[in-house]
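Engineer: fold the stuff below for me.
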Amino acid sequence: MAYKIEIINTDEKDRLINELGDRFTYGLKADINGVCIKLNTDVEDWKEEWQENWHPMPKSVHSHGRLFVTNLGGKEIVKYDPLSKTTFIFDTDYYGYVKSVALAVAGDLLEDNHNVFSVHGACLDIDGKGVSIIAPSGTGKTTTSYGLMRLPKVRLVSDDWHFLKFYGDSVVASNSEMNSYIRADIAEVWHEYDTIVKDARFDNRERAIVDVRRIVGKGNVRDSVTLAHVILLKRDNKDKNVVKKMEPKEALNYIIQTEYCNPHLLVHDARKKRIREQAYLDLFTYTDVYMVNTITTPEDSFNRVRKLLGIPESLKPRVLGEAGAIHRIKSSW
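Structural biologist: Residues are numbered from 1 along each chain as shown. Next comes the predicted model:
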């Protein structure tokens, strides 16, 4: 965990709001999977990135959850009141934490009230079938998903966090953000993204919010998809198996051991543990699940995932970029 989380009660929430007073210059509302999350901040950078990041929520809609983000000159910490869904983020220099906590607040509410569950992972629509790529940070989730996005009939749902809703034995995944928060080094592996990286304004953590529709085309970003596959990633040099079919309970054990591959969940009580484990067990039961060990090159891992998903090696990447966004390649697969 990159920052400390402290659970507070509503009295402490009220005290903090009164103590902080009217220092919050900006108040902006975001639509996160139908949940209204309001950012209150006096940091202009956070205001600008928030506006680029999310679908806006009408001002007339009351907030379901709130973030108060400011710098007081102390240690980086997140304080959360689960009852009012109110979060305070103090003394961070990284918008990625603001974004992830906003998603976690929305996820907390959706989990409790609407049986909608959070996945910290990428989600793609591959010729109408959904794949969720779930992995701990640093194991190749982003590299693999952006590699797949270069191919015809592969469409982005979400590159970082998506929500699950169960309808019988069907699992529908939906996106969370209007625009993506990409890493500067993505073009070092996949040069097709050079254009969008060149034009982006990166922050002090080498991340930038970009509209990937500019490079993959508007028709290649989807709001939702029904999942057929889950790809779990790990990086373990002691395990020489690079690809393995996973049974539901085996996959669940991996998710539990890695804390759901999600360091941003805010509440970790027994009830949350129970409902999350059941949701993941259902996910792994209703989809095909594979583990890919990314101990070799990014290209090798990409090709293994590509093969698991039935995408032929003969299918060449489409042309990306401003002109490539409207380029069409016919394929028979």
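
Engineer: wait, doesn't N115 sit right on F166?
Structural biologist: Yes - counting by CB atoms under 8 Å, N115 does reach F166; the two are 7.1 Å apart. Heads up, the C-betas are built off the backbone N, CA and C, glycines and all.

Engineer: and those two? which has more neighbours close in?
Structural biologist: Legend: neighbour count by other CB atoms under 10 Å for N115 and F166, higher for F166 (15 against 12).

Engineer: tell me the contacts of the more buried one?
Structural biologist: Neighbour list for F166: N115, V172, A279, D282, Y286 [criterion: CB atoms under 8 Å, 6 or more residues apart in numbering].

Engineer: most neighbours of all these, which one?
Structural biologist: Counting by other CB under 10 Å, top hit in those: A279 with 21 neighbours.

Engineer: just checking, it touches V119?
Structural biologist: No - the pair A279 / V119 is not scored as a contact, 9.2 Å apart, by CB under 8 Å.

Engineer: quickly list what's touching both of these two.
Structural biologist: Contacts common to A279 and V119, judged by CB under 8 Å, 6+ apart, are L164.

Engineer: in the stretch 201-333 of the chain, what spans have low per-residue confidence?
Structural biologist: Scanning the stretch 201-333 of the chain for pLDDT under 70 picks out 321-333.

Engineer: just the helices in it please.
Structural biologist: 213-216, 248-257, 270-286, 298-308 (DSSP state H, counting those that start in this stretch).

Engineer: tell me the secondary structure for D160?
Structural biologist: coil (DSSP: H, G, I helix; E, B strand; the rest coil).

Engineer: how much space separates it from T296?
Structural biologist: Distance of D160 to T296, given as CB to CB, to the nearest Å: 24 Å.

Engineer: the two: who's more crowded?
Structural biologist: Ranked by neighbour count (other CB under 10 Å), D160 and T296 place D160 first, with 22 against 12.

Engineer: what residues are up against the more buried one?
Structural biologist: Listed by CB under 8 Å, 6+ apart, the contact set of D160 reads H120, G121, A122, T142, S176, E177, S180, Y181.

Engineer: from these, which land in helices?
Structural biologist: Using DSSP state H, the members of these that fall in helices are T142.

Engineer: any chance of the contacts of D160 in CSV, plus pLDDT and distance to D199?
Structural biologist: Shown next, in CSV, are the contacts of D160 (pLDDT from 0 to 100; distance: CB to CB, whole Å):
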residue, pLDDT, distance to D199
H120, 96, 27
G121, 96, 27
A122, 97, 22
T142, 93, 19
S176, 91, 24
E177, 96, 19
S180, 95, 14
Y181, 94, 15
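
Engineer: so which of the contacts of D160 would you say is closest to D14?
Structural biologist: S176 (29.3 Å; CB to CB).

Engineer: tell me the spatial nearest neighbour of the closest one, not counting adjacent residues.
Structural biologist: W161 (4.8 Å; CB to CB, 6 or more residues apart in numbering).

Engineer: confidence score at the one you found?
Structural biologist: Listed pLDDT for W161 reads 97.

Engineer: again with the one 3 residues further on
Structural biologist: At L164, the pLDDT value in this model is 98.

Engineer: make residue 1 into 329 and carry on from there
Structural biologist: Okay, using 329 as the starting number, the last item reads as L492.

Engineer: do you know how far the residue nearest to it when sequence neighbours are not counted is from V570?
Structural biologist: Nearest non-adjacent residue to L492, counting by CB to CB, 6+ apart: F445, 4.6 Å away. Distance of F445 to V570, computed by CB to CB: 29 Å.

Engineer: and those two? Which one has more around it.
Structural biologist: More crowded of F445 and V570, by other CB under 10 Å: F445, with 22 against 14.

Engineer: and stretch 356-365, which residues are buried?
Structural biologist: Buried residues in stretch 356-365, counted by 16 or more other CB atoms under 10 Å: L356, K357, A358, D359, I360, N361, V363, C364, I365.

Engineer: checking my notes, the last one in a strand, right?
Structural biologist: Yes - the assignment for I365 (three-state DSSP) places it in a strand.

Engineer: for L438, see how far away it is.
Structural biologist: Going from I365 to L438 by CB to CB gives 11 Å.

Engineer: thanks again, I'm all set now.
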